[in-house]
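A.B. asks: how does the following fold in three dimensions:
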Amino acid sequence: MRALVSALSGALFGLGLLVSGMTDTARVQGWLDVAGHWDPTLAFVLGGAVLPMVLVWRIAARRRLALLGAPIPPMPEQVIDARLIGGSALFGAGWALAGFCPGPALATLGWSGLGGTVFVLAMIGGMLLHQALLRRRAVLAA
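C.D. replies: The predicted structure follows:
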């Protein structure tokens, strides 16, 4: 049941990205072009995502179990460190250069052509490299 709900949630997210135009790399890059022809569409999409989540986070904070019965994990400690800042900068640079972030990249994989496929493969490669570096760091620290 959890896999079905996850798949439906992912499909709804992808559909939302498609309907809102966030799978269009030119629109996303227009959001980032504050000195040129700025496109505010992404601000409305972000607001449409964040505002309902504020309500859901408040409800979840009062519950112990999710709707499907799994325990709700505690909120992670909010630490702003060099790793967070560096990762955010890399994410932003990749987003600005390609016009894709992971969600829209996956949502457009079927029709984005070679560029979208290369992006997704590079994204997966980066994730695998990150995991390998974390494992290496753990081995060296031990």
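
A.B. asks: quick one: the helices in this protein?
C.D. replies: 2-20, 25-32, 41-61, 82-98, 102-107, 113-141 (DSSP state H).

A.B. asks: which among these is found nearest to residue 76?
C.D. replies: Closest to residue 76 of the helices of the chain, according to C-beta to C-beta: helix 82-98, at 11.3 Å. C-beta: built from backbone N, CA, C; applies to glycine.

A.B. asks: just the buried positions in the closest one, please.
C.D. replies: 94-95, 98 (16 or more other C-beta atoms under 10 Å).

A.B. asks: dump the residues you listed to JSON lines, plus distance to residue 111 and pLDDT.
C.D. replies: As requested, these are exported to JSON lines (distance: C-beta to C-beta, whole Å; pLDDT from 0 to 100):
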{"residue": "94", "distance to residue 111": "21", "pLDDT": "83"}
{"residue": "95", "distance to residue 111": "20", "pLDDT": "83"}
{"residue": "98", "distance to residue 111": "16", "pLDDT": "82"}
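
A.B. asks: nearest to residue 120 among those residues?
C.D. replies: Of the buried residues of helix 82-98, the one sitting nearest to residue 120 (C-beta to C-beta) turns out to be residue 98, at 10.4 Å.

A.B. asks: let me see the contact set for the closest one.
C.D. replies: Contacts of residue 98 were listed using C-beta atoms under 8 Å, 6 or more residues apart in numbering, and they are 25, 105, 119.

A.B. asks: the last one and residue 131, how far apart?
C.D. replies: Which is residue 119. Separation of residue 119 from residue 131 (C-beta to C-beta, to the nearest Å): 19 Å.
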